[in-house]
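# Curious how this folds, go ahead:
(2 chains)
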Amino acid sequence: MRLRNKKGQLHLTETIAVLFIFFVLIVFGLIFYFKYQQYSLKEEQEQLVISNAIRTTSKVLFLPELQCSKGAAEPEDNCIDLMKVRHVAEVFDRHLTDYYYPIFGYSKIVINQIYPEQKEWVIYDHPKPIYANETIIPLESTYFTLTLKDESLGGENIHYSFGYIQVGVYP
Amino acid sequence: MNRSARSKLGQMEIIGLVIIVILITLGMLFMATFSFKENKQKKIFTRELLAYSTMSALMKTTITDPGCAQEYGTETSPQLEKDLLEDCALNYDSAKLGGYSLYRCGGQHSCAFLTTLTKQLLDQTVGKWGKTYQLQSKLYLAGDTVGKTILDVKSSSQGCPIGAERDTSKPFFLNTEIGLVENVLYICD
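Here you go, the predicted model:
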């Protein structure tokens, strides 16, 4: 009788141990799954911000306020007019809420010239109100190389500089 | 319990263990495939556009070095593709010896100057954004099927080799007096 009792206890312990391991495995699986979900959600959010930045870049590249154009002729590909760039920030500021905010949203657009000399023009900067007191604001940026046309230098040739546009979207 | 029953029980336990191992392995493989899955389409789209825009911007760039005018004696601002690349193609044979070229920007032969400048510009843009690149210009003389490489600028010793996941700007052609120059920019991640 006592031997049987012991055998029963042994079986019970064995069952408890198996169940314990089983639940440990399930808990591990769940932790792993939730961690993975968290990671993929974050990645998806980043992808969304990047897509937004790409969309904004395309809008900027085809904006008549910046494009290299001459009368009724076709605008030049991947080209931004420096004479327009120098004054466009004022126009963007003046019509921020009624026109440009719906187009660019919360973003920062910077035109950088690399050659012949390094220059930078911040043409649009509209951070989210939550960043009002922050000094360093995180930005998801996309870059796109450009030709910067300058007709203000005079001479018979039009000068084309090499640069890029940086479009950062506030997450 | 007799011997055969014990042996059967042992076999069943082993089978259970094997099933658990298989299930864990499958789970891990499943997770690994998900983690390494990338948004390839978007990457390719961005790279292709970047390659095209970079090439188009490079080719249009005006050189402002005062030394470019040496042959003319007056101030001139040659354009990278239309003037300098054509000059390089025309005088490629003398490039290695530092011989004659119409433009002497930075005191260098057109081909040497182009190599230095394009590397500098590409390093400051595409290279800075974590991409590797390779810019190639080939000269096809009349009747030639195999072009002569006149410009080969790489981000590193390897550049963007054929087997790598790369996108191209599509060829930019330049018609010169001696033949056709084909310019291509490859960009890899």
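
# The chain: helices as residue ranges?
Since no chain was named, I'll use chain A. For chain A, the helices defined by DSSP state H occupy A:2-61, A:82-94, A:101-104.

# Correction: the question concerned chain B.
B:3-36, B:40-60, B:86-90, B:110-122.

# pLDDT on the first one, on average?
Per-residue pLDDT values across helix B:3-36 average out to 80.

# With the last one instead?
The predicted model assigns helix B:110-122 a mean pLDDT of 93.

# So which residues on chain A come close to chain B?
A:29, A:32, A:36, A:39-40, A:47, A:50-51, A:54, A:77-79, A:114-116, A:142-147, A:155, A:157-164 (C-beta under 8 Å from any C-beta of the partner chain). To be clear about C-beta, it is placed using only N, CA and C from the backbone, and glycine gets the same treatment.

# give me the number of residues near the residue nearest to A:Ser107 when sequence neighbours are not counted?
Among residues not flanking A:Ser107 along the chain, A:Val169 sits closest, at 4.9 Å (C-beta to C-beta, 6 or more residues apart in numbering or on different chains). Counted by other C-beta atoms under 10 Å in any protein chain shown, the residues lying close to A:Val169 total 23.

# Keep only those of the residues of chain A next to chain B that are in strands.
The strands in this structure, assigned by DSSP state E, contain A:79, A:114-115, A:142-147, A:159-164 from these.

# what separates B:Ile20 from A:Thr57, distance-wise?
51 Å (C-beta to C-beta, to the nearest Å).

# do A:Ile16 as well
Distance from A:Ile16 to A:Thr57, by C-beta to C-beta: 61 Å.

# Show me which of these two is the more surrounded one.
A:Thr57 (22 against 10).

# Now that the more buried one has come up, it's in contact with A:Phe144, right?
Yes - taking contacts as C-beta atoms under 8 Å, A:Thr57 lies within contact range of A:Phe144: 5.4 Å.

# How many residues are close by the residue nearest to B:Asp93 when sequence neighbours are not counted?
Nearest non-adjacent residue to B:Asp93, counting by C-beta to C-beta, 6+ apart: B:Gly99, 7.9 Å away. By the measure other C-beta under 10 Å, the count of residues near B:Gly99 is 10.

# I'd guessed B:Gly99 sits against B:Tyr92; true?
No - look at B:Gly99 against B:Tyr92 with C-beta under 8 Å: they stay out of range, at 10.1 Å.

# List the beta-bridge partners for the residue lying closest to B:Asp152 once chain neighbours are set aside.
Sequence neighbours aside, B:Gln136 is the residue nearest to B:Asp152 in space, at 5.5 Å (criterion: C-beta to C-beta, 6+ apart). The partner list for B:Gln136 in beta bridges (DSSP bridges) reads B:Asp152, B:Val184.

# For B:Gln136, give me its contacts.
B:149, B:151-153, B:183-186 (C-beta atoms under 8 Å, 6 or more residues apart in numbering or on different chains).

# which among those end up buried?
B:151, B:153, B:183-186 (16 or more other C-beta atoms under 10 Å in any protein chain shown).

# Output these in TSV; the columns should cover pLDDT and distance to B:Thr115.
Output for the buried ones among the contacts of B:Gln136, formatted as TSV (pLDDT from 0 to 100; distance: C-beta to C-beta, whole Å):
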residue	pLDDT	distance to B:Thr115
B:Leu151	92	6
B:Val153	93	6
B:Asn183	94	13
B:Val184	94	16
B:Leu185	94	14
B:Tyr186	93	16
